[in-house]
Structures are given as C-alpha cells and as structure tokens.
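Novice: Structure for the following, please:
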Amino acid sequence: MGQMNYSSVMEFVLVGLPHPEVMKIPLFMLFSFIYLCTLLGNSLLILVVKGDPHLKKPMYHFLLNLSFLDILLSTVTLPKMLTNFLQKETTISFQGCISQLYFFHFLGSTECFLYTVMAYDRFLAICRPLHYPNFMNLKLCRQFSAGIWLIGSLHSMIHTMLTFRLPFCGPNRIDYFFCDVIPMLKLACADTTLNKAIIITNIGAVALICFLMILISYVHIVNTILKIKSSEGRRKTFSTCASHMISVFFYYGPPVFIYLSPNSIDYAIEESVAVFYTVITPMLNPLIYSLRNNEVKTSLKRMKCDKLYE
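Specialist: All right, here's what the predicted structure looks like:
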C-alpha cells in the first residue's frame, strides 16, 4: 500500500441506502431486527453444534464455520448502515474504510470457498460413501477450514492493496452503504482499468468458478439420488443437501451479478443486490439449516428438554 500517502482524502462519507425521509425510522427498526435475528440465529446454531456430541461430523463443522462467518460479515456492514438511517451522512476514516473493505472481502470470499468445500463434502457423502471416512474426517475438515480462511485473507489483501494504492484526491462521498471496491474505484483520481480487470478475473470469476464446481458436484449428487430405488431413501438423501443448495443460490448469484459487470449495473439495483447477500442471507442461513435439517431440529429439542429438567 505504498502509494496511500499520496491521497489527500482523510475520511469518506457513506451516503447509505437511498430512502425517503419518512422511512428512516422504520428502516432502522427493520435492519436492527434483521441484525438481531442474524446474531441470535447463528449464535444458537453455533451453541447447538458445539454442544451436541451427535453433531461431531464434518458437515456440522463446516456449518459452524458458516455461522461464525455470517455473524462477522453482518457486523462489518450493518452497524454503519444503521447509523446512516439516524444520521444524514456517516463518515468513516481512511483507515476505517481500508479495514471495512478488507474484512468484507476476507469474510465474503472465505464464505464463498466454504460453500464449495461443503458441496464437495456432500458429493463424497452421497456419491462416494465408502471413501468418505478417508477423504473427509474431522482432522481434514480443520485443515480445509484453515486453508479457506487463509486463502480468503490473501484474496482480500490483494484487492485492498490494489484499491488503496490509488490516490484519492476528492470527492470523498461513497455512493454505497459500506466501503467496497467498485464504489471506491469511482473516487480514485487515477486510471482504474487494471483494477477493474482484476475485479472481473479475480472476484467475479472466482465466484463463478466456485459456483460451477458446486453445480458439477450437485449434478453428480442428483444423478446418484435418482438411482436410489426407494422414494423414502431419495427424499432423505435429498433433504441432507437441499439446505446447502438453497444457501448457495442466495449467496453466489448476487456477487457474480455485481462483480462480473462493474460498469453496467444501475446503482440502485447494485445496492439492492448487495443488501441481499450481505444482510439477508446471513439471517436466513440458520433458518434454512435448522428448519430443513432433522438432526439440528432433534438437537434443538434435546437442548430444550435438558434446560427444562435442569
């Protein structure tokens, strides 16, 4: 980040989500409720998975990582968004903007890689059940998890360094609700062609490649499920991966939509799409995985009974 000293801007102004003045309090209450649900839902899922020995399985180890990532991802963006509803404009320091951009892409890309590993886990469990213990045990899960967190960190560091080595001479108003790469490039007083090319090849293409890998895994999974003779067996097998498929659909579409077309998307549409995968999806994940997963529901009931009889 050697060229950051050439920037004359010391802080940025986050314009936030466009909204009528009369809607600021209702929107503040709505997004506060969403944030609270995200924190409570994911924290409960973490407690269930950590506390129940029946859930000491690779799939739930990854689910634990997902809940932790969802809490952090929401915390990176939502507090500033909530402040924007109470204040006309919210300022963020230059260093704070760097941190927000880094952690957003770090957590977002790590979650992207995690979904891919979760699809591989389901592929092995359903399509290669005899080989599953050798290729996916808890030790390997921890190594996979450590690897994707490390790759996510490096991936984010590249974009943070490339973005903030550009000079920012003014204006300093970010037409967005948090510091993200594309809105920041619009403020740079230098040629951003290289940065935009890297966005397309690195962020959009990585998300697209991960999505295609997941799609290939699920083509094999669906093909294997269709070969199961009993309808009850097909239903049970499909239910174990349906939750993951729903989450993938909610999470992967929006980033590919935004980052593969950094110049051609309307600002309002871009923000709406970003709100969905940064705010709504982290809230929905605990519901998707708990309501559709019999083992999680059983663990919740067991936990409730244990509390009643204490």
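Novice: can we go C-alpha only for contacts and neighbour counts from here?
Specialist: Noted.
Novice: Centre-most residue in the chain?
Specialist: residue 108 (4.3 Å; C-alpha atoms, centre = their mean).
Novice: I'd like to check which residues are in contact with it.
Specialist: 73, 152 (C-alpha atoms under 8 Å, 6 or more residues apart in numbering).
Novice: Provide a list of residues in contact with the residue found closest to residue 248 once you drop the neighbours it is linked to in the chain.
Specialist: Leaving aside its chain neighbours, residue 248 sits nearest to residue 115 (6.8 Å; criterion: C-alpha to C-alpha, 6 or more residues apart in numbering). Applying C-alpha under 8 Å, 6+ apart, we find residue 115 in contact with 214, 244, 248.
Novice: Next, the buried residues of the helix or strand where residue 115 lies.
Specialist: Under the criterion of DSSP states H and E, residue 115 resides in helix 94-127. Neighbour counts over helix 94-127 (16 or more other C-alpha atoms under 10 Å) mark 94, 97-98, 100-127 as buried.
Novice: Out of the contacts of residue 115, which one has the lowest pLDDT?
Specialist: The pLDDT minimum for those sits at residue 244, where the score is 77.
Novice: For it, grab the count of nearby residues.
Specialist: Neighbour count of residue 244, defined by other C-alpha atoms under 10 Å: 19.
Novice: Who are the contact partners of it?
Specialist: 115, 118-119, 289.
Novice: Where does confidence bottom out across the residues you listed?
Specialist: residue 289 (78).
Novice: would you say that residue is within a strand?
Specialist: No - counting by DSSP: H, G, I helix; E, B strand; the rest coil, residue 289 is not found in a strand; it is helix.
Novice: out of everything not next to it in sequence, what's closest to it?
Specialist: In space, and not counting its chain neighbours, residue 289 is closest to residue 243: 5.7 Å by C-alpha to C-alpha, 6+ apart.
Novice: any idea how far that neighbour lies from residue 286?
Specialist: 10 Å (C-alpha to C-alpha, to the nearest Å).
Novice: ok, now residue 141?
Specialist: Residue 141 is 20 Å from residue 286, by C-alpha to C-alpha.
Novice: So the two - more neighbours on which side?
Specialist: residue 286 (26 against 20).
Novice: Tell me which residues touch the more buried one, please.
Specialist: 41-42, 45, 67.
Novice: Would you mind putting the CA coordinates of the helix or strand containing it into PDB?
Specialist: Assessed by DSSP H and E, residue 286 sits inside helix 281-291. Only the C-alpha atoms of helix 281-291 are listed here, as PDB (Å, rounded to 0.1, in the frame of the first residue of the first chain):
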ATOM      1  CA  THR A 281     -28.600 -14.300   3.500                       C
ATOM      2  CA  PRO A 282     -26.700 -14.300   6.900                       C
ATOM      3  CA  MET A 283     -30.100 -14.000   8.600                       C
ATOM      4  CA  LEU A 284     -31.700 -16.800   6.500                       C
ATOM      5  CA  ASN A 285     -28.900 -19.400   6.800                       C
ATOM      6  CA  PRO A 286     -29.700 -20.500  10.400                       C
ATOM      7  CA  LEU A 287     -33.400 -20.800   9.400                       C
ATOM      8  CA  ILE A 288     -32.600 -22.800   6.300                       C
ATOM      9  CA  TYR A 289     -30.200 -25.200   8.100                       C
ATOM     10  CA  SER A 290     -32.300 -25.700  11.200                       C
ATOM     11  CA  LEU A 291     -35.800 -25.900   9.800                       C
END
